[in-house]
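Colleague: Build me a model from this:
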Amino acid sequence: MAGDTIAAIATSMTNSGIGIVRISGGESFSVIDRIYRSKDRKKILSQMPSHTVHYGYIYDEDKVIDEVMVLIMRAPNSYTAEDTIEIDCHGGALVMKRILETVIKYGARIAEPGEFTKRAFLNGRIDLSQAESVIEVINAKNDFALKTSVDQLQGKLKNKITRIKDKILYEIAFIESSLDDPEHISTDGYSDKLNENIIKIIIELEQLMQTAEYGTVLKEGIDTVIVGKPNAGKSSLMNVLLGRDRAIVTDIEGTTRDVLEEQINLNGISLNLVDTAGIRETNDEVEKIGVNKAKEYLSKADLIIYTVDASTEIDHNDEKILRQLKGHKVIVLLNKSDLRKKVSEKQIEDKLLSLEISFKILSVSAKEQQGFEELKSIIQEMFFSKEIKVNDQIYITNIRHKNALCSARDSLRMVQKSIEDQMPEDFYSIDLRNAYEQLGYITGDSIGEDLVNEIFSKFCMGK
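Modeller: Numbering: from 1, shown residues only. Presented below is the predicted three-dimensional model:
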C-alpha cells in the first residue's frame, strides 16, 4: 500500500559490473541507517544532505555483505517524490539478493512491478502518459520509438493535452457562469463562437489521431510475413534481410515446417519478420500444420511479402495464395531474377488488379542479393507518406490514448449537433464535460484505480 517503504533490485538479475537495490518511502533512512556503515563507522546517512553519494559497507548485524556506494535523495526531489535510497553494489545475482533480503529484514517490503513509477504518478511528479512512456523507453526497438518515448517522458503529450483541456474548461466555465449570472454574462452570439472554437479543437485532436498509425509502426514495428509456395526462395530472402543464415535453405520442397520469427532494423523502422512454411496442398501431417500456421500469420500481417519463383510457371498453389492477399499491403518479389523468367510482372499485375489488391512488384535475386535496397525504399514508401525524421512531431503510440482522443472528438461533435439543433447552453456543458473527462484518461486525471493497477502491473520489477 502507498505510504509504506518498498524495495527492489533495479538491475538485471545476472552477473554484471554493478547492481542497484532501490528503496523508497518514509522509512528509507531508518532502514539504511541500520544496515550501512562508513569506513570510519561515524557517518549516519539520515544526517547527510540530499543528492550525495557515500562509500561504505552493507551489514546484516555484524556480518559484512558487500562494499557499496549509496545514493541518498530526499523527498520531494527524487524519482518517486519520496525519500529514496539507491545502493550500488557489485553486480552478482547472489550479492544483490542478499542485500535486498537485508533491506526487507530491517523494515521495507518487496515492491510490486512498476510500483516506483506508480508512486511517482500518485505523488504528482509525473502524469499517466509520462508514466506509461517509462516502459516504452525500456522496450524501444529503434531510434524513432526511443525518441517518441523520451519526448512523452519529457511531457510533450501531457502539455499538448493540458492545453486542449484548458480550452474546453474555459468553455465549460463560461457556460456555468452565464447560467449562474445571466444578468451580467450575455450568451448572445456565443453558440457561433463556441462552434468556431470546437472546430479548432477537433482539428487538433484529429491531427494527433492521424499520427497513431505511424506511432504504432514506430513503436511496435511492421509485422511482416513472407509467404509463397515451396522453393520460392522465402528462407533465402529471410537470410539476406537478416544478413546471416537463420533459415535452412535446401532444394528440397517443404524444408521449412515451422514459423521462424526475427526482427531487423530497416532504415530506422523495425520489421518483425516471419518466415513461413511453403503454402501448398500436402498429405504430410507435419507440413500441413506449418501451412496452416502460415495462413494464420498471413491473416494478421501488416505487410505481406509474397515471394514468387519467377523461373517456374504460376500454378494452382500460387492462385490460392493470391486470393488470400486481399485486404493487405503486399509486395510481390519475383525471385530468382538471375535465371530465365517464366513469370512476368504483367502476369502478376493482372491477377492482383482483378482481385483489387494494393501491391508493389519488384524483381530480385536472393542468391545474388540484388534488388534489396529498392525493397527497403518500397517498404518505407508504403507505410510513410514522407521520409521519417526525428523531429518535434508528437506521435500517439498507445491505443488507450487514441481511443480517448476519439471519444473526446465524438463528444465535441455532439456539442456541434446541439448547436445546430439550437439546444439550450446547458446541453453543451454535458458533452464538453465528457470530452474533458476523456482527455483526462490520457493524463490520468479521470482514471480509476483498477486501470492504474493494470497499467503498472505490466512494468518490470524495480521500476
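Colleague: how about the strands in the stretch 351-463 of the chain?
Modeller: Applying DSSP state E, counting those that start in this stretch to the stretch 351-463 of the chain gives strands spanning 359-363.
Colleague: Below-threshold pLDDT in it: ranges please.
Modeller: By pLDDT under 70, the low-scoring segments of the stretch 351-463 of the chain are 384-392.
Colleague: hang on, Ser236 packs against Ala366?
Modeller: Yes. With contact defined as CB atoms under 8 Å, Ser236 reaches Ala366; the gap is 3.7 Å. (Each C-beta comes from the backbone N, C-alpha and C, glycine too.)
Colleague: Which one's more surrounded, the two?
Modeller: Ala366 (25 against 21; other CB atoms under 10 Å).
Colleague: Next up, the contacts around the closest residue to Ile85 other than its chain neighbours.
Modeller: Leaving aside its sequence neighbours, Ile85 sits nearest to Ile23 (CB to CB, 6 or more residues apart in numbering; 4.2 Å). Contacts for Ile23 (CB atoms under 8 Å, 6 or more residues apart in numbering) come out as 5-7, 31-32, 84-87, 103, 108.
Colleague: My reading is that Ile23 is in a strand; is that accurate?
Modeller: Yes. Counting by DSSP: H, G, I helix; E, B strand; the rest coil, Ile23 is located in a strand.
Colleague: tell me the pLDDT at it?
Modeller: pLDDT, Ile23: 97.
Colleague: hmm, what's the outermost residue in this protein?
Modeller: Largest separation from the mean C-alpha position in the chain: Glu183, at 51.8 Å (CA atoms, centre = their mean).
Colleague: Could you list the buried residues of stretch 82-97?
Modeller: Using 16 or more other CB atoms under 10 Å as the test for burial, stretch 82-97 gives 82-91, 95-96.
Colleague: Looking at the residues you listed, spot the one nearest Asp127.
Modeller: Using CB to CB, Glu82 comes nearest to Asp127 of the buried residues of stretch 82-97, at 17.6 Å.
Colleague: Counting neighbours, what do you get for Phe372?
Modeller: Neighbour count of Phe372, defined by other CB under 10 Å: 16.
Colleague: Could you check how far it is from Ser363?
Modeller: Going from Phe372 to Ser363 by CB to CB, to the nearest Å gives 11 Å.
Colleague: ok so, going back, show me the common contact partners of Ser236 and Ala366, please.
Modeller: Common contact partners of Ser236 and Ala366 (CB under 8 Å, 6+ apart): Asn335.
Colleague: And the closest residue to Ser457 other than its chain neighbours, how close does it get to Ile455?
Modeller: Spatial nearest neighbour of Ser457, excluding adjacent residues (CB to CB, 6+ apart): Pro113 at 5.8 Å. Pro113 sits 11 Å away from Ile455, going by CB to CB.
Colleague: before we move on, what about Arg400?
Modeller: From Arg400 to Ile455 the distance is 8 Å (CB to CB).
Colleague: For the stretch 351-463 of the chain, just list every one of the helices.
Modeller: 372-383, 399-420, 425-443, 449-457 (DSSP state H, counting those that start in this stretch).
Colleague: tell me how far the first one is from the chain's mean position?
Modeller: What it means is helix 372-383. Chain-centre distance of helix 372-383: 23 Å, with CA atoms, centre = their mean, to the nearest Å.
Colleague: Looking at the contacts of Ile23, which are in strands?
Modeller: 6-7, 84-87 (DSSP state E).
Colleague: In terms of neighbours, single out the busier of Pro113 and Ile455.
Modeller: Taking other CB under 10 Å, Pro113 and Ile455 do not tie; Ile455 has more neighbours (21 against 16).
Colleague: Check what pLDDT the residue farthest from the centre of the chain gets.
Modeller: 75.
Colleague: you'd agree it is in a helix?
Modeller: No. Counting by three-state DSSP, Glu183 is located in no helix; its state is coil.
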